[in-house]
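[1] Curious how this folds, go ahead:
(one chain, ligands or ions: 1)
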Amino acid sequence: MSGNKKITIAHGDGIGPEIMKATLRILEAAGAPLEYDEIEIGEKVYLRGVTAGIEDSSWDKLRNNKVFLKAPITTPQGGGYKSMNVTVRKSMGLFANVRPVKAYHPYIESHFPDMNLTIIRENEEDLYAGIEHQQTEEVVQTLKLVSRPGIESIVRYAFEYAQSNNRKKVTCMTKDNIMKHADGLFHKIFDEISTEYPDIVADHMIIDIGSAKLAAVPENFDVVVTLNLYGDIVSDIVAEIAGSVGMCGSANVGESVAMFEAIHGSAPDIAGKDMANPSGLINGANMMLVHLGLAEYAEKIENAWLKTLEDGIHTGDIYKDGMSKEKVGTQAFADAVIARLGQKPNTFAPVEYSADAKPIAINRTYTAHSQKKELLGVDVFIDWAEGDRNPDVLGKQLEDAQGDFFKLKMITNRGVKVYPGGMPETYKTDHWRCRFVKQDENAEATNTQVAELLTNFANAGLDFIKTEQLYQFDGERGYSLGQGE
Ligand code: NAD
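    I've put the predicted structure just below:
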């Protein structure tokens, strides 16, 4: 039908096909102007030897249709299979993971009947870049990478989301008391962007106390924006304490493409039995409708769904004697929602999207700043387990080999200064960060001098395993000081 929006769908594995069928029936009964382009994902694709769980031919559909409604999939056990979700997120630039979590008390038990918040998690960066190296026998590293464009996108998305969903507050969570550069940049950009949204309260919490407060007083939060790893953890905590893991939908949103799903998995233990609760995928589909600019249909479905819960028509996972009225299967639950389309809940507040609710559009085009970048020195990481691990012995070897441009300023072991003048109690691994600065402060350093320094070390038999250049940008130090430096 013309005027319909074409979306990509995938029926997934386990309970996927059943809950997708229920969801599509509700969408159709609500009159949502959609048409479907189906792709195959998950177990069957993995077992055909496609390690990403999605066929190459599906990318064009995702790209062209732009919106993807996805049922859960089963990732086969054993090595070699990559997470399809992670592949789609990264390949399609789905930078924002959006998870609204609400308590549906008293129909679903929760210690926090008033909680109603949304976690917005950065989805592309942080420790999830997957760049890891074993550098010495004892030490392995994972790189935590964050970028100004990446942070700007997610923070702006959080404020735009708050604005279009009538939310009052955005709380940023970082660990910038420790990671002053990576998490510090996130906090700084949050402060910068918050000034553009004067009607929304902006606050910041350190992630440790922030997660504790989310678990203790979730009703105090509205929208939370945070980095990838923290967001991964807190979004599961809040879904769990709301008692609604089976009810939550989520969105992964990019500049062009977006993917919507339930947060639970494929539940193979109940697959094919018409027992699954389709609510998670229904809520994912509602987020999709809002994203498509079809909020009126989301409102209709959400209100009918809330009324169904209130009327005590419950699938087995949420059925409770005394509270529930009727235990139903997946399709009968969908029928009950369909029968209530056009009705509003009585106990729950009816959902209302503002008439001009529009899809959130984030322009990620980044204009490079032209900062002045100056090389001040270099950290050379050395693999060394000799001399009883006495840092004075290593310090002397480095100083003998350093040449006449750079000089050794200090050595740290896992961040703690051990030379000159360390504490004998400090535990020392075989991984030494050796900081070199210019002997003549006024000299101009380039990578040529760094290469010469490394050549000197190679000739002296010193095993360098990594370097990090020490820069300043527009006169501001771009690296952390060592503990005790
Ligand atoms: P799961 O969420 O599938 O199941 C956990 C428990 O919750 C099970 O007892 C299940 O019966 C129940 N459950 C889940 N959804 C339900 C629903 N809608 N209605 C009623 N009960 C429901 O988690 P799992 O068992 O750890 O994982 C099973 C498979 O799902 C694995 O292969 C996993 O990799 C995959 N998985 C996929 C996704 C996804 O596609 N986004 C997410 C998580 C897990």
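[2] From here on, just use CA atoms for contacts and neighbour counts.
    OK.
[3] Show me how this protein divides into domains.
    The record, using automatic domain parsing to delimit domains, assigns the chain the ranges 1-93+243-354, 111-230, 373-477.
[4] mind checking which of the ones you listed is nearest the ligand?
    Nearest of the domains of the chain to the ligand, taken as Cα to the nearest ligand atom: domain 1-93+243-354 at 3.1 Å.
[5] mean confidence score for the closest one?
    Domain 1-93+243-354 shows a mean pLDDT of 93.
[6] And for stretch 193-205?
    On average, the pLDDT along stretch 193-205 is 97.
[7] Can you list the neighbours in contact with it?
    Stretch 193-205 has contacts (Cα atoms under 8 Å, 6 or more residues apart in numbering) with 152, 155-156, 159, 162-163, 167-174, 187, 191.
[8] 10 Å - rerun?
    Here stretch 193-205 makes contact (Cα atoms under 10 Å, 6 or more residues apart in numbering) with 152, 155-156, 158-160, 162-163, 166-176, 187-188, 190-191, 210-211, 213, 222-226.
[9] and these, which of them are in helices?
    Applying DSSP state H to the contacts of stretch 193-205, the entries found in helices are 152, 155-156, 158-160, 162-163, 187-188, 190-191, 210-211, 213.
[10] Point out the residues in the stretch 301-450 of the chain that sit beside the ligand.
    Residues of the stretch 301-450 of the chain lying close to the ligand by Cα under 6 Å from any ligand atom are residue 317.
[11] now, which of the ones in helices among the contacts of stretch 193-205 sits nearest residue 313?
    Within the ones in helices among the contacts of stretch 193-205, distances to residue 313 taken as Cα to Cα reach their minimum at residue 162, with 31.7 Å.
[12] I'd assumed residue 98 was in contact with the closest one.
    No. Counting by Cα atoms under 10 Å, residue 98 is not a contact partner of residue 162; they are 11.5 Å apart.
[13] re the thing from before, lowest-confidence entry in the ones in helices among the contacts of stretch 193-205?
    Checking pLDDT across the ones in helices among the contacts of stretch 193-205, the minimum falls on residue 163 at 89.
[14] hmm, back to that, and residue 162 and residue 98? Which one has more around it.
    residue 98 (27 against 20; other Cα atoms under 10 Å).
[15] need the contact list for that one.
    Residues in contact with residue 98 (Cα under 10 Å, 6+ apart) are 118-123, 157-158, 161, 223-225, 231, 235, 249-253, 260, 287.
[16] Return the residues in contact with residue 132.
    Residues counted as contacts of residue 132 (Cα under 10 Å, 6+ apart) are 140-144.
[17] Residue 436 pairs with what?
    Per DSSP bridges, the residues bridged to residue 436 are residue 378, residue 408.
[18] And for the nearest residue to residue 450 once chain neighbours are set aside, the neighbour number?
    Excluding the flanking residues, the one nearest residue 450 by Cα to Cα, 6 or more residues apart in numbering is residue 378, at 7.2 Å. Residues lying near residue 378 (other Cα under 10 Å) number 25.
[19] ok, now how distant is residue 378 from residue 129?
    Distance, residue 378 to residue 129, by Cα to Cα, to the nearest Å: 24 Å.
[20] And for residue 195?
    From residue 195 to residue 129 the distance is 30 Å (Cα to Cα).
[21] Looking at those two now, which is surrounded by more residues?
    residue 129 (15 against 12).
[22] Thought residue 90 was touching that one, still the case?
    Yes. With contact defined as Cα under 10 Å, residue 129 reaches residue 90; the gap is 9.4 Å.
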